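Enquirer: dropping the sequence and predicted coords here.
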Amino acid sequence: MASRVSDETSTGNVLRLSHRSAQLLHLEAQGLLKRATRKARKADVSATVARMGILQIDTINVVARSPYMVLFSRLGSYRNEWLDDALADGLLAEAWAHEASFVPTGEFHYHRDYRLGRAGHWAQKLAERTHAEARADMDALLERIRNQGPLMASDFERDTPASKGWWGWKPEKKWLEAWFALGKLMVLRRERFQRVYDLAERVTARWPQSPSEGTLDENAVRQHFIARSVQALGIAPARWIADYYRLKPRVTDAELEPLLALGTLVRVAVDGWDEPAYVHVDHAGLLEKAASNALRATRTTLLSPFDPVVWDRARALDLFGFEYTIECYTPAAKRRYGYYALPILHRGRLVGRLDAKAHRSAGLFQVLGVWLEEGITLSPALIEGIAAAICECAAWHGTPRVAVEGAQPKGLRTQLKLACAG
């Protein structure tokens, strides 16, 4: 199948996909097209991160912290500590990528050497300013870690109030984060999701394979991230590519010509799109299936607000017609869907959103509201799929009692309650 794609593109015959096939190609590349055929295993965590390229970190814990939720959406029920173990075992590293993220250690040197991209990032600029203002204190902190070993922010006690800015962090936490952004410190492991910092060279020395010592060429790093973005997205026009790893400047069709010439990327057309799209050569077989309408979506699940499928709000709107805004930063009186509404993925479509809260001590999964998109028709398959996704997520949390308190359109709440009770 790969040879057919190669033959067609080399002769100028560009494969054409329907918009629906483009959606399914994207979801398959992200591991969200079908349910897993077996129970999750520990190795699946690092493999899933490698498939996505990056796993964004966020600390909001109303349902589950985002990185754990993103893995659940793909793996189903799994043990959260497997992600912590993958970091401690050197299979994953933490780096500034899209934002603060877990990345495969095999690709860490690209993130380490992306100097041009880091230079304009807010975390980098803030770290440089912090170092300029507190150089002596930061140097002393670094020396303490060098002599005493790994430390957490909680190892530094202070009686004075936290300062403004940097989320109200105490100075030592700001200095730790600044050294992390500057590359002198890395995250060795996490304890109760709190970072344990150590010297970068000591962290990488523990990995199964240490990163290369030489500095990569800036253009080579950018080309790698462009190719990996297209691979992770499954299909993408040029304007979608830069956001995945926050590349600057934006990626253009002209910049992709060398990757087309090398055979790394394949150009395709999508019905309704007035611009070319690109697929990574590793997805040649998947592209053939998409072109012949052979892809089928069966998975229904809940997504994190920071899932790669929806973190680029413009892309989610373009690809799925799904207008999404996370409202945890919006005043309560102005929220439309709730504090932390989760997109609902049903059989390859984003059909609505769900606001929930996990009460772990009470064993209760509280569904505050479910809102379906306009034009979505209630059907037995939809009700069954959403109810199963809610119950699967609740069981994973150890909150098996489900309470559905609100839903739209009319009749949805009653049907979901019956389905969840059954």
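Expert: On my side now, so go ahead. Numbering: from 1, shown residues only.
Enquirer: going forward, measure contacts between C-alpha atoms and count neighbours the same way
Expert: OK.
Enquirer: now the helices: where do they sit in the stretch 301-422 of the chain?
Expert: Remark: helices assigned in the stretch 301-422 of the chain by DSSP state H, counting those that start in this stretch are 313-320, 380-397, 412-421.
Enquirer: L265 against V279, yeah?
Expert: Yes. At 5.6 Å, L265 counts as touching V279 under the criterion of CA atoms under 8 Å.
Enquirer: below-threshold pLDDT in the protein: ranges please.
Expert: 1-12, 116, 158-169 (pLDDT under 70).
Enquirer: L151: neighbour count?
Expert: A count of neighbours around L151, defined by other CA atoms under 10 Å, yields 18.
Enquirer: need the phi and psi values for it.
Expert: Phi and psi for L151, reported as degrees, to the nearest 10, are phi -140, psi 150.
Enquirer: quick check: longest strand of this protein.
Expert: strand 349-359 (DSSP state E).
Enquirer: wait, a helix at Y197?
Expert: No. Under DSSP: H, G, I helix; E, B strand; the rest coil, Y197 falls outside any helix and is assigned strand.
Enquirer: thought it was touching D155?
Expert: No. Using CA under 8 Å, Y197 is not in contact with D155; the gap is 10.9 Å.
Enquirer: neighbour count: these two, which is higher?
Expert: When Y197 and D155 are compared for neighbours, Y197 comes out ahead with 24 against 11, by other CA under 10 Å.
Enquirer: got the contact list for the residue nearest to the more buried one when sequence neighbours are not counted?
Expert: Spatial nearest neighbour of Y197, excluding adjacent residues (CA to CA, 6 or more residues apart in numbering): V187 at 4.7 Å. Residues near V187 by CA atoms under 8 Å, 6 or more residues apart in numbering: 93-94, 180, 195-198, 203.
Enquirer: same question for Q124.
Expert: Applying CA under 8 Å, 6+ apart to Q124 gives the contacts 118, 178, 181-182.
Enquirer: report the two of those separated the most.
Expert: Pairwise distances across the contacts of Q124 (CA to CA) peak at 12.9 Å, for the pair R118 and A178.
Enquirer: how about the strands in the stretch 51-200 of the chain?
Expert: Listed in chain order, the strands found in the stretch 51-200 of the chain under DSSP state E, counting those that start in this stretch are 55-56, 92-96, 100-104, 151-152, 185-191, 194-199.
Enquirer: can you list the strands that the longest one pairs with?
Expert: Using DSSP bridges, the strands paired with strand 185-191 are strand 194-199 (antiparallel).
Enquirer: tell me the buried residues in the partner strand?
Expert: Within strand 194-199, the residues scored as buried using 16 or more other CA atoms under 10 Å are 195-199.
Enquirer: next, count neighbours for G120.
Expert: 11.
Enquirer: ugh, wrong one, I meant W82
Expert: Quick note: W82 (other CA under 10 Å) scores 17 neighbours.
Enquirer: start at 20, not 1
Expert: Okay, residue one is now 20; in that scheme the one you just asked about reads as W101.
Enquirer: and it, what does it touch?
Expert: By CA under 8 Å, 6+ apart, the contact list for W101 reads 61, 64.
Enquirer: what's the answer for the one 4 residues further on, then?
Expert: Under the criterion of CA under 8 Å, 6+ apart, the contact list for A105 reads 64-65, 111.
Enquirer: what's the answer for Y358, then?
Expert: Going by CA under 8 Å, 6+ apart, Y358 touches 345-349, 351, 374.
Enquirer: could you list the buried residues of stretch 153-163?
Expert: Neighbour counts over stretch 153-163 (16+ other CA under 10 Å) mark 157, 160-161 as buried.
Enquirer: what about the residue nearest to S96 when sequence neighbours are not counted, distance to R54?
Expert: Leaving aside its sequence neighbours, S96 sits nearest to W415 (CA to CA, 6+ apart; 5.3 Å). Using CA to CA, to the nearest Å, W415 is found at 15 Å from R54.
Enquirer: cool, and R165?
Expert: 46 Å.
Enquirer: the more surrounded of those two?
Expert: Higher neighbour count among R165 and R54: R54, with 16 against 13, using other CA under 10 Å.
Enquirer: go ahead and confirm the more buried one touches R315.
Expert: No. When contacts are counted by CA under 8 Å, R54 is not listed as touching R315 (11.4 Å).
Enquirer: quick one, helices of the stretch 120-269 of the chain?
Expert: Assigned by DSSP H, counting those that start in this stretch, the stretch 120-269 of the chain shows helices spanning 127-131, 134-138, 141-152, 154-167, 190-201, 219-224, 237-252, 257-264.
Enquirer: restricting to C-alpha, output the third one in CSV.
Expert: If I follow you right, that is helix 141-152. Only the C-alpha atoms of helix 141-152 are listed here, as CSV (Å, rounded to 0.1, in the frame of the first residue of the first chain):
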residue,chain,number,x,y,z
TRP,A,141,7.1,33.0,28.1
ALA,A,142,8.6,30.4,30.5
GLN,A,143,12.1,31.0,29.0
LYS,A,144,11.8,34.8,29.2
LEU,A,145,10.5,34.6,32.7
ALA,A,146,13.3,32.3,33.8
GLU,A,147,15.9,34.6,32.3
ARG,A,148,14.5,37.6,34.1
THR,A,149,14.3,35.6,37.4
HIS,A,150,17.9,34.6,37.0
ALA,A,151,19.0,38.1,36.3
GLU,A,152,17.2,39.4,39.5
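Enquirer: G72 is in contact with V249, isn't it?
Expert: No. With contact defined as CA under 8 Å, G72 does not reach V249; the gap is 10.5 Å.
Enquirer: I'd like the contacts of Y358 as TSV, with distance to P419 and neighbour count appended.
Expert: Shown next, in TSV, are the contacts of Y358 (distance: CA to CA, whole Å; neighbours: other CA atoms under 10 Å):
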residue	distance to P419	neighbour count
I345	26	18
E346	26	17
C347	25	14
Y348	29	10
T349	30	13
A351	28	12
D374	17	21
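Enquirer: just these now: which is nearest F127?
Expert: Using CA to CA, the contacts of Y358 come closest to F127 at I345, 29.3 Å.
Enquirer: what sits closest to P86 if chain neighbours are left out?
Expert: Closest to P86 by CA to CA, 6+ apart is I76, at 5.5 Å.
Enquirer: about what we covered before: from the contacts of Q143, which is closest to R60?
Expert: A200 (32.0 Å).
Enquirer: for the closest one, what are its contacts?
Expert: A200 neighbours (CA under 8 Å, 6+ apart): 114-115, 142-143, 146.
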